[in-house]
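1. Task: produce atomic coordinates for the following.
(one chain, ligands or ions: 1)
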Amino acid sequence: MQFADIIGRKKQITQLKEMVGHNRLPHSLLLLGKEGSGALKIAIAFAQYILCEKNGGSGSSMPSFFGEAAEPDEKVSVRDDSCGHCSSCVKVDKLIHPDLHFSYPVLKRDARHDRVISTDYIQEWRQFVFENPYGNVTDWLNFLRNSPTAKIESPQNKQGNISAQECEDILHKLSLKPFEGEYKILILWMPEFLGKDGNRLLKLIEEPPAGTVFIFVAEDENLILPTILSRTLLLKIPLPENEEVASYLAKEFPDESNINSVVSIAEGNIREALRLIQVKEENWERTIRDWLNLIVKNSVELQSKWIDEINQLGREKQKQLLLYFIHLIQLSVKAGILPPEDVPAMEESEKEFAHTLGKMCGIEILEEMAKELSDAIYFIERNANSKMLFHALTIRLRYLIKEKCLILVQ
Ligand SMILES: [Zn+2]
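-> All right, here's what the predicted structure looks like:
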């Protein structure tokens, strides 16, 4: 994984490279980026950059990256990227470098074993990172639950955790000398899952053995132990710009015609953009038009039939449907209040639909509808009965729009 593989975020990558180039590499760094930001990819690319033989990460003759900062006028060389082909880079790329350690939330395998550490699932972790580098922690834990090799007993009842044993394992791993060069790096993904046992790491974070770098990768700083937060250097990783996501998608999916609409829904969340591309063949717009028509006509029998069909879709697609509906409502609100040049780019059919929605309901009603839909997503994520949920939602939407209904949605 090289910096060249990262979408956008040039400024943050430059900051990371300069930490190395100016000998200002902190012992503990926290990369904070929302879901879909790809902060984990950036952490791995940075680890590869530090460990690359061409950058001196595995050589013994190079000066330390830590310690005295270079003087402002001192000439420093900041390498652009890891080389990508030295033995160190190749090992990081396969996630098998002996001086690159990973820590992440895991599930207990069964009731017979108390002890569970991240390394128990390293094989599954590598596969997950290769296949879903933008995945979130729910994706990872579901991957583990469904993995035939992980063999987790009653997986649905287990919660993810970074255990006390894992903290001990980290202490042990980092007490060893580096195997290949001068540096050993631990990427701890989702420190939000570290309970108070995480305090066992404080001394290590504060006074690590020579050549040790901690890289925490987190989504929500409010859920991290304050004792850990105060001991790390925070680097915020913003979501990439829409144009950057669009050009990435255009390269990855050259046959895809709906990239603009995917990008405007995803709003920089690369995980969301990839998921939308995968299910694009679903015609959500048609489904929502049908739903609104049935609501307006108030045909209970046809509504039940529609809900039965939606019930068959499964939770993930039901969520997509509702998210797309919210997206259309937001477009409609924006089209109603913003000058035309500030309204986001839309497909022609979306534009027409947003216009019709706006004519059907006022902005207040649209906002209430969006809130109902987003509440429904919350309950779907918590395993609500989807049939009952869509029945209740249909009644609620009917109530909201019946007074305001002016025209039928064609
Ligand atoms: Zn290299």
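2. Can you report how many residues lie near the residue of the stretch 301-410 of the chain at minimum distance from the ion?
-> Closest contact between the stretch 301-410 of the chain and the ion, by CB to the ion, is at Glu316 (38.6 Å). Every C-beta, even on glycine, is put in place using the N, C-alpha and C of the backbone. Using other CB atoms under 10 Å as the criterion, Glu316 is surrounded by 11 other residues.
3. so what does the host helix or strand of it touch, helix or strand wise?
-> Glu316 belongs to helix 315-337 when elements are defined using DSSP states H and E. The contact analysis (3 or more CB pairs under 8 Å, 6 or more residues apart in numbering; DSSP states H and E) places helix 315-337 against helix 259-266, helix 284-297, helix 300-313, helix 348-360, helix 363-381, helix 386-402.
4. any chance of those helices in CSV, plus mean neighbour count?
-> As requested, the helices and strands packed on helix 315-337 are arranged in CSV below (neighbours: other CB atoms under 10 Å):
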stretch, mean neighbour count
helix 259-266, 21
helix 284-297, 18
helix 300-313, 14
helix 348-360, 17
helix 363-381, 16
helix 386-402, 17
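5. where do the strands sit along the chain?
-> For the chain, the strands defined by DSSP state E cover 28-32, 100-103, 184-189, 212-218, 233-236.
6. what inclination does the longest one have with respect to strand 28-32?
-> Inter-element angle recorded for strand 212-218 and strand 28-32: 20 degrees (by axes from the mean of the first three to the mean of the last three CA atoms, to 10 degrees).
7. helices or strands up against strand 212-218?
-> Under the contact rule (3+ CB pairs under 8 Å, 6+ apart), strand 212-218 is packed against strand 28-32, helix 39-51, strand 184-189, helix 202-206.
8. Need those in JSON lines (columns: distance to Asn298, mean pLDDT and mean neighbour count).
-> JSON lines is the format used below for those (distance: least, CB to CB, whole Å; pLDDT from 0 to 100; neighbours: other CB atoms under 10 Å):
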{"stretch": "strand 28-32", "distance to Asn298": "48", "mean pLDDT": "96", "mean neighbour count": "22"}
{"stretch": "helix 39-51", "distance to Asn298": "48", "mean pLDDT": "97", "mean neighbour count": "26"}
{"stretch": "strand 184-189", "distance to Asn298": "49", "mean pLDDT": "97", "mean neighbour count": "25"}
{"stretch": "helix 202-206", "distance to Asn298": "61", "mean pLDDT": "91", "mean neighbour count": "16"}
